[in-house]
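Novice: kindly generate the corresponding structure for this input.
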Amino acid sequence: CRRQFAKYTCPTCNVPYCSLTCFRSQAHNQCSEGFYKKEIEADIQTGPSKTAQERHKMMELLKNFEEGSSNQQSFSEGDEEDEDYDDPSDLAKRFEAVDLDSASPDALWAVLTPEERAKFMKAFDDPTSKLAQQLLSSEQLEKEIQEPWWEAPSISESEDEEPRNHHTPRRYGSRPMIMSIPVSMVKAVPSGRPLVYNMCAICIAYAYITRHLGTSPLCSLKPDDTETHEARRLVTQMVPFLTDRKSTKLYPNLPAVITDIWSTFDLGKMTSELFSLLLGDAARLLKPLRVTHVMPTSVEMPTSEALVLPSHPHIMPVLVLSDLNELFSPAPRLGSSQDSQVRSKGNHVTHKLLFYAVHILSTPSVILETLADEMTTRAEGYRQKENASERTYVEREHERTGRLVEET
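Specialist: Numbers count the residues shown, from 1 in each chain. The predicted model follows:
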């Protein structure tokens, strides 16, 4: 996989690999499948304690394994020779009685044949394949994609920025509603320990969850939706100090944030390219706005009752916290008056989010500007690292191909 140190060697082809996931990968399945087949055969032949029924079950398993491998191989060969292998009319007939809008993913999956499932999974495992690129570039899918709210043209800090050219207009999420923050709580200088690096971690996690779920803002999710529970779970996984009532986590610098966030992902799931994108998102969310829209107010309010306006230069990170505040606010279950009381009371997570919002509003703009610039620089570093890794891999492949040609 070229991402970890190789600790083991395949007994069949002598290729070094780093883990079980690498050993089972698509590029190495010829050896791994043969290995499992030999293990089953050896277990059948050398296991005298096995009953006749158990041996029969294992023989059936081996038979199914061989049939599955044969079908997969013949399907792959047919797919390479003719991409129009499936009969469109047959597929259409099977989906005639299915309501695509309300059917569950499991129900749709059950309608597909084993060959169609294999073809789909092959495209899923290899996003660079022709079929995967066709699926990802379809206009219907592009219409369904909802871009993050902070990328909407109206959010852009630069008035000279030209919109990107797309055949299909992009759909952007709407800005979250700002939480109620009394102006009296905002100080000229933040009190207590600095929380700016913790805020960096929150912005990175928020950007990942938004892009991972394809929903913007997160408060648009329904309270009982499975994606709502998944969003909360990801927040707890990536920034546990936000949901842990007793946590006193305090990051000293940006490298500590990056190391901690990266370690929350399974091995191989996070890439330099993806982390570069998340750092760029976090920099954009944390950076103070130089130009804001001032909203006129018709009623003057006492200072003790006045709220922070959306025209504040630090509104971007506050909107991140506001969206998370709505995500973790108690779901309405009772009558209207009781609901209002419960939601206004909040919980320990919403109280922390309010505390962070006040701290960020009190932080000097130059500090947030410096942090945003540092994240932008590191994002570019990760992007260059990914490009260099790809170039190195291509060069090695060319070198290997050249040696094979010379030997031939």
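
Novice: what distance do you get for residue 234 to residue 146?
Specialist: 17 Å (C-beta to C-beta, to the nearest Å). Yep, even glycine has a C-beta here, placed from its N, CA and C like the rest.

Novice: report pLDDT for residue 382.
Specialist: pLDDT, residue 382: 90.

Novice: ok, now which ones touch it?
Specialist: 272, 273, 275, 276, 279 (C-beta atoms under 8 Å, 6 or more residues apart in numbering).

Novice: mind redoing it with 6 Å?
Specialist: 272, 275, 276 (C-beta atoms under 6 Å, 6 or more residues apart in numbering).

Novice: what is the burial count for the first one?
Specialist: Residues lying near residue 272 (other C-beta atoms under 10 Å) number 18.

Novice: my guess is it contacts residue 386, does it?
Specialist: Yes: with contact defined as C-beta atoms under 6 Å, residue 272 counts as touching residue 386 (4.1 Å).

Novice: re earlier: ok, so of the contacts of residue 382, who is nearest residue 262?
Specialist: Taking C-beta to C-beta as the measure, residue 262 lies nearest residue 275 of the contacts of residue 382, at 6.8 Å.

Novice: could you count how many residues lie near residue 109?
Specialist: Residue 109 has 12 neighbouring residues, counting by other C-beta under 10 Å.

Novice: per-residue pLDDT of it, please?
Specialist: Residue-level pLDDT assigned to residue 109 equals 82.

Novice: show the subsequent helix or strand relative to the helix or strand hosting it.
Specialist: For residue 109, the host element (DSSP states H and E) is helix 105-111. Of the helices and strands lying after helix 105-111 in sequence (DSSP H and E), the nearest is helix 114-125.

Novice: for residue 258, see how far away residue 212 is.
Specialist: Distance of residue 212 to residue 258, given as C-beta to C-beta: 18 Å.

Novice: of those two, which one has the most company?
Specialist: Using other C-beta under 10 Å as the criterion, residue 212 and residue 258 rank with residue 258 on top: 20 against 12.

Novice: give me the low-pLDDT residue ranges for the stretch 151-300 of the chain?
Specialist: Residues of the stretch 151-300 of the chain that meet the criterion pLDDT under 70 lie in 154-169, 291-300.

Novice: phi and psi next, for residue 289.
Specialist: Main-chain dihedrals, residue 289, degrees, to the nearest 10: phi -80, psi 130.

Novice: how about residue 245: what's its closest non-neighbour residue?
Specialist: Of all residues not flanking residue 245 in the chain, residue 348 sits nearest, at 4.8 Å (C-beta to C-beta, 6 or more residues apart in numbering).

Novice: how many residues are close by that neighbour?
Specialist: Count around residue 348 with other C-beta under 10 Å applied: 13.

Novice: ranges for the strands of the stretch 101-250 of the chain?
Specialist: In order along the chain, the stretch 101-250 of the chain carries the following strands (DSSP state E, counting those that start in this stretch): 146-147, 171-172.

Novice: looking at those strands, which is closest to residue 290?
Specialist: Going by C-beta to C-beta, the one of the strands of the stretch 101-250 of the chain nearest residue 290 is strand 171-172, 21.3 Å.

Novice: most packed of the strands of the stretch 101-250 of the chain?
Specialist: Comparing the strands of the stretch 101-250 of the chain by mean neighbour count (mean count of other C-beta atoms under 10 Å), strand 146-147 ranks first with a mean of 16.

Novice: elements contacting it?
Specialist: Strand 146-147 sits against no helix or strand, with contacts defined as 3 or more C-beta pairs under 6 Å, 6 or more residues apart in numbering; DSSP states H and E.

Novice: that strand - what's its average pLDDT?
Specialist: For strand 146-147, the mean confidence score works out to 80.

Novice: what comes into contact with that strand?
Specialist: By C-beta under 6 Å, 6+ apart, strand 146-147 touches 170, 171, 172, 173, 216.

Novice: list the contacts for the second one?
Specialist: Same thing as residue 171. residue 146.

Novice: list the beta-bridge partners for it.
Specialist: residue 146 (DSSP bridges).

Novice: nearest spatial neighbour of residue 193, skipping sequence neighbours?
Specialist: residue 250 (5.8 Å).

Novice: number of nearby residues for that neighbour?
Specialist: Neighbours of residue 250 (other C-beta under 10 Å): 12.

Novice: tell me the contacts of the residue nearest to residue 204 when sequence neighbours are not counted?
Specialist: Leaving aside its sequence neighbours, residue 204 sits nearest to residue 282 (C-beta to C-beta, 6+ apart; 4.6 Å). Each residue near residue 282 by C-beta under 6 Å, 6+ apart is listed here: 203, 204, 207, 375.

Novice: and the residues you listed, which two are furthest apart?
Specialist: 207 and 375 (10.8 Å).

Novice: so for those two, which residue has more residues nearby?
Specialist: Between residue 207 and residue 375, residue 375 has the larger neighbour count (other C-beta under 10 Å), namely 26 against 22.

Novice: could you pull out the helices for the stretch 101-250 of the chain?
Specialist: 105-111, 114-125, 130-136, 139-144, 196-213, 226-238, 240-243 (DSSP state H, counting those that start in this stretch).

Novice: and those as a markdown table, adding distance to residue 185?
Specialist: Shown next, in a markdown table, are the helices of the stretch 101-250 of the chain (distance: least, C-beta to C-beta, whole Å):
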| stretch | distance to residue 185 |
| --- | --- |
| helix 105-111 | 45 |
| helix 114-125 | 48 |
| helix 130-136 | 46 |
| helix 139-144 | 40 |
| helix 196-213 | 17 |
| helix 226-238 | 24 |
| helix 240-243 | 19 |
